[in-house]
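Novice: I'd like to go over a predicted model; first the sequence, then the structure.
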Amino acid sequence: MKFAVVLALGGGTVFAQASGTTPAPATGNQGVGVRAPLRHRLIQALNLTADQKQQAKSIFQQARQTAQPVAEQAKQNRQALEAAVKANQADQIRQLAVTQGNLQGQLLAVRSEAMASFYNILTPDQRAKADQIVQHVKQRLQRRLGQGNNG
């Protein structure tokens, strides 16, 4: 699970370095703005075979299809939560916040399961390389978060 979270949160710069490209800017649709380029860079950095690439494509397409309706529910719930905040409806805020947490948890589970399936198709050498990338991303993210607290 840490693997998926770290890749989703901060992997862009590491994978950009590995592939020699710059990360795509984030957009309102985080699946397109952040995660897709990260997966592409990860695939490049790990030097996947054609079969592994096809398996990875299938894994991530299925995850995207599974996550899409949940993401739409989360978007609608977020909008309702914003309205409840503006109306100062404490009970509604609590209920919607719990629902939002549940939806975010479902999305995290879908992404984590996809990353677990992806990790499972890797060779031991590719897994070691992926683990190195994750460790590097964690370190960069910690430095970045530390700098944000000082400024």
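Specialist: Sure, I can see it.

Novice: now for the strand or helix carrying Tyr119, which elements pack on it?
Specialist: According to DSSP states H and E, Tyr119 maps onto helix 90-120. Under the contact criterion of 3 or more CB pairs under 8 Å, 6 or more residues apart in numbering; DSSP states H and E, helix 90-120 touches helix 2-10, helix 50-86. Heads up, the C-betas are built off the backbone N, CA and C, glycines and all.

Novice: can you tell which of those is closest to Ala116?
Specialist: Of all the helices and strands packed on helix 90-120, it is helix 2-10 that lies closest to Ala116, at 7.6 Å by CB to CB.

Novice: where does the nearest residue to Gln55 once chain neighbours are set aside fall, phi/psi-wise?
Specialist: In space, and not counting its chain neighbours, Gln55 is closest to Ile121: 5.0 Å by CB to CB, 6 or more residues apart in numbering. The phi/psi pair for Ile121 (degrees, to the nearest 10) reads phi -90, psi -10.

Novice: can you tell me how far Ile121 sits from Glu72?
Specialist: 29 Å (CB to CB, to the nearest Å).

Novice: which one of those two has more residues nearby?
Specialist: The neighbour comparison of Ile121 against Glu72 (other CB atoms under 10 Å) goes to Ile121, with 17 against 11.

Novice: Show the contacting residues for the more buried one.
Specialist: By CB atoms under 8 Å, 6 or more residues apart in numbering, Ile121 lies in contact with Gln52, Gln55, Ala56, Ile59.
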